[in-house]
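Enquirer: The following block contains a protein sequence and its predicted model.
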Amino acid sequence: MKNIFMDFISLTKPKLISLVLMTTLAGFYIGSNGSLNLDLMAITLIGTTFVAAGALVLNQHIERESDGLMKRTCNRPLPDGRLKPKDAMIFGLVLSIAGLYINFVHINILTGILSLLSISVYLFVYTPMKKKSAFCVVVGAVPGALPPAGGWIAATGSFEMGALILFAILFFWQIPHSLAIAWLYRSDYERAGIKLLPDISTESNATGHQVLINTMALLPIGLMPSILGISGQIHFFTALGLGAAFAIFAARFAMNRSIPSAKNLLHASYLYIPFLLGIMSYDRITF
């Protein structure tokens, strides 16, 4: 019984959920502008957890055959046969509906709409596109960038420039992050027929170019909260340093695509977001 319970928990991808909650919390805190509603914040985190977990479970239900073809995912509960697809689908639907109910009824309509948009794009656009076009990486960055904007909207009840900036930061951060993962596991993805990479051929460097372009775009976008008066100078100079360092790792990967350079880029991406959002939260300007 314990193993079955843990398999259901693993379907929700707790590590990924923790990243979603961290970005949502940052968006909520920064958007609160000095007046933090702890009850609303707790409800927001609960609703976000249910929505994100439901989407991730349903995604694994849809992709269970593809997951079975890849070394990194073949031992997941569904391709390994430890859970039945029908049970996983019901689990994912219950989580999704519960999360949408919380966000629509107990937070506000805008947060509910954003949650519904996130689930819809993730399951009905991004997931099927993964086997048809490498552009799926861009589409997949949309639902992944919505949690901090959702946190901001949950706190304020409105879609403001700050929410848009947080969305843009997460959007441009995700593309080099996702492409680094895709490059490291390219043979796995190729085996499953997933077109996450624009350069399946080793002669092309389209992945390197896209990594560098999006990381360079992220650098000025990361400064925007300070420029717009959302955060102060500490955030400005920290974001400048973090963005420059991230761009250097991207340039190294673009010039020399190798496993070490891809891993370094991935590790840099893991450090960039929590440090940037942490400093932005610390240095936010209240008015």
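Expert: Received the coordinates, thanks.
Enquirer: Pull out the buried positions in the one helix or strand residue 52 maps to.
Expert: According to DSSP states H and E, residue 52 maps onto helix 38-62. For helix 38-62, the neighbour count (16 or more other C-beta atoms under 10 Å) marks 40-41, 43-62 as buried. (Each C-beta comes from the backbone N, C-alpha and C, glycine too.)
Enquirer: Next SSE downstream of it?
Expert: helix 64-69.
Enquirer: Can you mark which positions in that following helix are buried?
Expert: So for helix 64-69, counting by 16+ other C-beta under 10 Å, buried means 64, 66, 67, 68, 69.
Enquirer: May I see the residues you listed arranged in TSV, with pLDDT and distance to residue 279 as well?
Expert: Output for these, formatted as TSV (pLDDT from 0 to 100; distance: C-beta to C-beta, whole Å):
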residue	pLDDT	distance to residue 279
64	95	40
66	93	38
67	93	37
68	93	42
69	92	41
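Enquirer: So which of those residues is the closest to residue 94?
Expert: residue 64 (18.2 Å; C-beta to C-beta).
Enquirer: I am assuming the closest one contacts residue 85, so please confirm or correct that.
Expert: Yes. With contact defined as C-beta atoms under 8 Å, residue 64 reaches residue 85; the gap is 6.2 Å.
Enquirer: Tell me the residues that contact both of these two, please.
Expert: residue 78 (C-beta atoms under 8 Å, 6 or more residues apart in numbering).
Enquirer: so where do the helices sit in the stretch 101-250 of the chain?
Expert: 109-121, 127-129, 136-156, 161-184, 186-191, 206-227, 233-255 (DSSP state H, counting those that start in this stretch).
Enquirer: Identify, out of these, the most deeply packed stretch.
Expert: Highest mean neighbour count among the helices of the stretch 101-250 of the chain (mean count of other C-beta atoms under 10 Å): helix 136-156, with a mean of 24.
Enquirer: Geometrically speaking, which residue is the centre of the protein?
Expert: residue 144 (3.3 Å; C-alpha atoms, centre = their mean).
Enquirer: Enumerate every residue touching that one.
Expert: By C-beta under 8 Å, 6+ apart, residue 144 lies in contact with 170, 171, 174.
Enquirer: So it versus residue 247, what's the distance?
Expert: Relative to residue 247, residue 144 is positioned 20 Å away (C-beta to C-beta, to the nearest Å).
Enquirer: do the same with residue 37
Expert: Taking C-beta to C-beta, one finds residue 37 at 37 Å from residue 247.
Enquirer: Kindly report the same for residue 46.
Expert: 37 Å.
Enquirer: would JSON lines of the helices of the stretch 101-250 of the chain with distance to residue 8 and mean pLDDT be doable?
Expert: Output for the helices of the stretch 101-250 of the chain, formatted as JSON lines (distance: least, C-beta to C-beta, whole Å; pLDDT from 0 to 100):
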{"stretch": "helix 109-121", "distance to residue 8": "19", "mean pLDDT": "96"}
{"stretch": "helix 127-129", "distance to residue 8": "20", "mean pLDDT": "94"}
{"stretch": "helix 136-156", "distance to residue 8": "22", "mean pLDDT": "95"}
{"stretch": "helix 161-184", "distance to residue 8": "25", "mean pLDDT": "95"}
{"stretch": "helix 186-191", "distance to residue 8": "24", "mean pLDDT": "88"}
{"stretch": "helix 206-227", "distance to residue 8": "35", "mean pLDDT": "95"}
{"stretch": "helix 233-255", "distance to residue 8": "36", "mean pLDDT": "96"}
